[in-house]
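Peer 1: Give the three-dimensional model of this entry:
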Amino acid sequence: MYHYTSCGLDNVHLKNGYTLKETPYGPGVSIEDIESLHLAIAADLLRQKTPLTGAQFRFLRKEQDLTQAQMAAILGVTEQTVAAWEKQKRTHVQRMIDIAMRAYYIAHRQASQWRQTFPEAPEEPPRQAEFAHQDNGWAIAA
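Peer 2: Numbers count the residues shown, from 1 in each chain. Predicted structure coming up:
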């Protein structure tokens, strides 16, 4: 079992999906599909019932490629406040901040998936959008 601390969390252990290597600089590790691993870690954090710790908050922020300043602007606090939360690695963030981070992370992931669904396309004239009402509500017409 490999203790994966490079993510910034102390409690992540990998059963498989990694290879230990010797490098000119000492022992190293190669992890398969690290993006998928980080998605799994984030999903685990979102499912936990306790508020996020500072380290977990930092992990989710970094997974969204946000700086402390950007996160502070989103939450309406100072950059120093975000830094203080993250510095307290094992202390839980305030409940409202926890809820805001979880919601923002979920929105970020959904927006990322939506962008992948609709790749860049050449400029097209506006089209008519057609919808039909069905027993279970409105839907895009077939």
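Peer 1: what does stretch 125-140 rub up against?
Peer 2: Stretch 125-140 has contacts (CB atoms under 8 Å, 6 or more residues apart in numbering) with 141-142. Any C-beta I mention is one placed from the backbone N, CA and C, and that applies to glycine too.
Peer 1: hmm, 7 Å instead?
Peer 2: In this structure, residues lying in contact with stretch 125-140 by CB atoms under 7 Å, 6 or more residues apart in numbering are A141.
Peer 1: Over to stretch 72-91?
Peer 2: If you take CB under 7 Å, 6+ apart as the criterion, stretch 72-91 is touched by 53-55, 57-58, 68-69, 71, 93, 97, 100, 104.
Peer 1: Over to G137: give its phi and psi.
Peer 2: phi 120, psi -170 (degrees, to the nearest 10).
Peer 1: and it, how many neighbours does it have?
Peer 2: Neighbour count for G137, taken as other CB atoms under 10 Å: 6.
Peer 1: Show me what it is bridged to.
Peer 2: Q134 (DSSP bridges).
Peer 1: Point out where the protein drops to low pLDDT.
Peer 2: Counting by pLDDT under 70, the ranges of the chain that qualify are 114-123, 126.
Peer 1: And the helices in it, which stretches?
Peer 2: 34-47, 54-63, 68-75, 79-87, 95-117 (DSSP state H).
Peer 1: which one of those is the most hemmed in?
Peer 2: Neighbour counts (mean count of other CB atoms under 10 Å) averaged over each of these peak at helix 54-63, with a mean of 21.
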